[in-house]
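Participant: One predicted model, sequence on top.
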Amino acid sequence: MADPGDVRQQRLHVIESFYSIITLLFILIACVELGDASTVVDVYRLIQYDISGTPFGSRVASVNHHAGSSLFAPGSDLSRTVVILPLRELNETFIREYIQQGKPLGGLLLLLPQFFRSDNSQTVGGHVDNHKEKMKELLADLEQKLIHSTIQYPVYFAFENENLDEVLADMKRNDAAGQPATATTGGYKLIVTSPAPKKLASPTITNIQGWLPGTKADRSSNQLPTIAIVASYDTFGAAPALSAGSDSNGSGVVALLEIARLFSILYSNPNTRGKYNILFGLTSGGPIYLQGLACHKMKKEV
């Protein structure tokens, strides 16, 4: 088995967005009679951010608790338990109590179906899979609740796979038999060692712009009216490392680039060049009140 430190160095990708670390690793430790076995699982942390001093998202990153399934008894103390919960098992009661009302948890690991991976999302022959559509609606609703709540325990996302399915099935058997994982009974333990999230006081915002000068005639193009065509190029989600939206804002970027291509052809010919300057801008910070647009300088570049 590889040294855990080496594995962490090789596979840990730290991405900061607004306020925190996004991509981390869970270490699942199965406590058995003959010794401990461990495996590393890629997970993605729920975003943590502030707006005007108001905190949102998950405010805790580190985890060191035993894992439990959704088969816990009503009224159970889960303040030292990381609940591993597939998206399909999520229910309104759990959302209301543990996300909206802030009932304490040791942590939450939400398992997403494999079709949510960006490289797996595709539609064949226009066929609509009702199950997939239902899961997408459920995740979209959950995402809004997560990013608009203040959660005082760590929340992570991972994709379902055979290893996690086996672990979860084993946990459910133990929980159903009334033998949840504890320090004395053994079971599975989830560990994330992470420093305190570092606040990004001034996030870097990068804008990209292009400029087409109008026909000059007897005056400089600097004196002509300017039309600005702008689209933001970034996206936002509960787990920013997983954000990949065609409508937020891939489609806007594609539309702007195509408009820029067509107008560049027209403006390359003096006979079809317009009497307006055109500014094309791809801006950052779209999800945070169009901050990129607010700081965008109308700098004219030929």
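Facilitator: Cool, the structure landed. Numbering: from 1, shown residues only.
Participant: Only C-alpha atoms from now on, for both contacts and neighbour counts.
Facilitator: Noted.
Participant: which non-adjacent residue is nearest the most centrally placed residue in the chain?
Facilitator: Centroid check for the chain by Cα atoms, centre = their mean gives A239 as the closest residue, at 1.9 Å. Nearest residue to A239 in three dimensions, chain neighbours excluded: L46, at 4.9 Å (Cα to Cα, 6 or more residues apart in numbering).
Participant: and that neighbour, what are its phi and psi?
Facilitator: L46 adopts backbone torsions of phi -60, psi 140, taken as degrees, to the nearest 10.
Participant: ok now do it, which residues does it touch?
Facilitator: Residues near L46 by Cα atoms under 8 Å, 6 or more residues apart in numbering: I22, G57, S58, L146, P154, V155, Y156, F157, A238, A239, P240.
Participant: A158 versus that one, what's the distance?
Facilitator: For L46, the distance to A158 (Cα to Cα, to the nearest Å) stands at 11 Å.
Participant: what's the answer for E92, then?
Facilitator: From E92 to A158 the distance is 21 Å (Cα to Cα).
Participant: Of these two, give the one with the bigger neighbour count.
Facilitator: A158 (21 against 8; other Cα atoms under 10 Å).
Participant: before we move on, which element is L109 in?
Facilitator: strand 107-112 (DSSP states H and E).
Participant: what about the residue nearest to A239, distance to A73?
Facilitator: 26 Å.
Participant: now swap in L282 and tell me
Facilitator: Following Cα to Cα, the distance that separates L282 from A73 is 51 Å.
Participant: more neighbours, the two?
Facilitator: Set L282 next to A73 and count neighbours by other Cα under 10 Å: L282 wins out with 23 against 10.
Participant: Where does the more buried one sit: helix, strand or coil?
Facilitator: strand (DSSP: H, G, I helix; E, B strand; the rest coil).
Participant: Isn't it up against S232?
Facilitator: Yes: shown here, L282 and S232 form a contact pair, counting by Cα atoms under 8 Å, at 5.4 Å.
Participant: can you tell me which of the contacts of L46 are in helices?
Facilitator: Counting by DSSP state H, the contacts of L46 place L146 in helices.
Participant: Now render the contacts of L46 as a markdown table, adding distance to D129 and pLDDT.
Facilitator: Conversion of the contacts of L46 to a markdown table gives the following (distance: Cα to Cα, whole Å; pLDDT from 0 to 100):
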| residue | distance to D129 | pLDDT |
| --- | --- | --- |
| I22 | 30 | 39 |
| G57 | 31 | 91 |
| S58 | 32 | 92 |
| L146 | 26 | 93 |
| P154 | 32 | 93 |
| V155 | 28 | 95 |
| Y156 | 26 | 94 |
| F157 | 23 | 94 |
| A238 | 24 | 86 |
| A239 | 24 | 86 |
| P240 | 26 | 78 |
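Participant: ok, and the most crowded of the contacts of L46?
Facilitator: Busiest of the contacts of L46 [other Cα under 10 Å] is V155, holding 28 neighbours.
Participant: Distance check, that one against T193.
Facilitator: Distance from V155 to T193, by Cα to Cα: 14 Å.
Participant: Name every strand pairing with the strand holding L109 and say which way it goes.
Facilitator: When pairing is defined by DSSP bridges, strand 107-112 lines up against strand 81-86 (parallel), strand 155-159 (parallel).
Participant: With K189 as the reference, name the closest of these.
Facilitator: The closest of those to K189 is strand 81-86. By Cα to Cα, the value is 8.3 Å.
Participant: tell me what the helix or strand following that closest one is packed against?
Facilitator: Next along the chain after strand 81-86, taking DSSP H and E as the criterion, comes helix 92-94. Helices and strands touching helix 92-94, as assessed by 3 or more Cα pairs under 8 Å, 6 or more residues apart in numbering; DSSP states H and E, are absent.
Participant: Now helix 92-94: average pLDDT?
Facilitator: Mean pLDDT, helix 92-94: 91.
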